[in-house]
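*Asks:* Predicted model and sequence below, questions to follow.
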Amino acid sequence: MNLRRYIVVGVLSSVLAACASAPPAAPPAARYDSAPIIAAINQAAAPVGRELVVKPVLDPASEGVREDAAELQSQGRLDEAGTVLDAALETRTDDPVLLQARAENAVLRGDLAAAERFARRATAAGAQAGPQCRRHWETLVQVLAVQGAEAADLEAARNSRAACTVAAPPRY
C-alpha cells in the first residue's frame, strides 16, 4: 500500500511539474530604430555634383520654429517638438520645411503613419528638384519600406526621388 502511494504521488508530481513549466519563449520582436532612417534622409539631401538646386524662400518664423523643434529633439523632448511643429503648421499649413521637420519628428517618435502623411504633404508642397525634393521623397521611401508597402508603391517613391536630381543648366 505504501508503494502504491509513492507511485501515485510521483506520477501526480510529474504531471503537475509538466503543467507548471513555462511555455517556450516567443522570439523577441524586431526593435524599431529611427537612426538609420534619419541617416538615409540626411544622405539623400546631400548635393549631387552639378545639379539644379531649388531653394524655397524661407519664412524666418518657420525657420525659427524648425530650429526650436530641432533643439527640443536634441534634448530628447520629441513630443514637445511635435507639439511646437503642429502649432506652427496650423497657420502655415503648406510650409514644406515645417512639413519635412514634422515628418522627421514622427519618424523619431515611431509614428510611421504620421510620418507618411507629413512626407506626402511635403512632396506636394515642396520643391520638385534638388536636395530638399530628395529629402521629402527619401522620407517617404524609408517609411514605406519599414511599413512593408506594396512593391509598386515603393518603386514609385524611389523613381520620384530619383527624378529630383536634375542636371544644372549649362553656364556660358
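*Replies:* Sure, I can see it.

*Asks:* The protein: helices as residue ranges?
*Replies:* In the chain, the helices defined using DSSP state H lie at 2-20, 35-44, 60-74, 78-91, 96-109, 112-125, 131-147, 151-163.

*Asks:* Could you work out which of these reaches nearest to Val54?
*Replies:* helix 131-147 (7.2 Å; C-beta to C-beta). Every C-beta, even on glycine, is put in place using the N, C-alpha and C of the backbone.

*Asks:* now what about the closest one, what contacts it?
*Replies:* Contacts made with helix 131-147 from outside it, assessed by C-beta atoms under 8 Å, 6 or more residues apart in numbering, are listed as 32, 37, 40-48, 53-56, 96, 100, 103-104, 107, 112, 115-116, 119-120, 122-123, 126-127, 153-154, 157-158, 160-161, 164-165.

*Asks:* for stretch 36-53, how far is the first residue from the last?
*Replies:* 25 Å (C-alpha to C-alpha, to the nearest Å).

*Asks:* Return the set of buried residues in it.
*Replies:* By 16 or more other C-beta atoms under 10 Å, the buried positions in stretch 36-53 come out as Ile37, Ile41, Ala44, Ala45, Glu51.
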